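*Asks:* After the sequence you'll find the predicted model.
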Amino acid sequence: EDVPSQTFDNKDYFCGKETFPVYESIFTEEGETIRKIAIEIEKPPQIEIHVWTIRKGILRHFYVEKLSKREFEGLPYFKLITRTTLSQWKIFSEGEAQISQMCESRVCRTELEDLVKVLYLEKSEKSHC
């Protein structure tokens, strides 16, 4: 199913906090779903890709890889899904570590979906900044 993507480059949109593009790639092969969530970091300039291998709803394998922007640009299937802050990415990464342990022996489809939602930022009203 298609998740609506956010395309915000305006720093005012998130109270002046710096945001970073987040990409997603999902494909299925041999009964496994490979889901990749990637963030583009400027310092150092690199792409951090979190790879989940899911079989029958159970997280079978999870790892992180880092690529240069040039290597990433050559990869197919990634699409921009949102922009996020480093603090939201940290929450995502910490939650991911907990889920990877919790979901080794049981189905965790909703937990993984909820974790990705952490990356989507709510539009803040300027008066709340």
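*Replies:* Everything's here; your move.

*Asks:* quick one, phi/psi of residue 119?
*Replies:* phi -70, psi -20 (degrees, to the nearest 10).

*Asks:* Identify the residue nearest it in space, chain neighbours excluded?
*Replies:* residue 84 (4.4 Å; Cβ to Cβ, 6 or more residues apart in numbering). Using the backbone N, CA and C atoms, a C-beta is placed for each residue, glycine as well.

*Asks:* and that neighbour, how many neighbours?
*Replies:* Using other Cβ atoms under 10 Å, residue 84 has 22 neighbouring residues.

*Asks:* Roughly how far does it sit from residue 24?
*Replies:* Using Cβ to Cβ, to the nearest Å, residue 84 is found at 12 Å from residue 24.

*Asks:* State the distance from the residue nearest to residue 119 to residue 65.
*Replies:* 19 Å.

*Asks:* Residue 74 too?
*Replies:* In terms of Cβ to Cβ, residue 74 sits 14 Å off from residue 65.

*Asks:* So these two - more neighbours on which side?
*Replies:* Using other Cβ under 10 Å, the more surrounded residue of residue 74 and residue 65 is residue 65, with 12 against 8.

*Asks:* Break down this structure into its strands, ranges please.
*Replies:* Counting by DSSP state E, the chain has strands at residues 20-29, 32-41, 46-55, 58-67, 79-84.

*Asks:* how about the ones you listed, which one is nearest residue 116?
*Replies:* Judged by Cβ to Cβ, the one of those that comes nearest to residue 116 is strand 32-41, at 6.6 Å.

*Asks:* who does that closest one touch, helix- and strand-wise?
*Replies:* Counting contacts by 3 or more Cβ pairs under 8 Å, 6 or more residues apart in numbering; DSSP states H and E, strand 32-41 packs against strand 20-29, strand 46-55, helix 69-73.

*Asks:* contact partners of the helix-or-strand element of the chain with minimal mean pLDDT?
*Replies:* Least confident helix or strand, the chain: helix 109-117 with a mean of 85, by mean pLDDT, DSSP states H and E. The contact list for helix 109-117 (Cβ atoms under 8 Å, 6 or more residues apart in numbering) reads 24, 35, 37, 52, 54, 57, 59, 92, 95-96, 99, 102-103.
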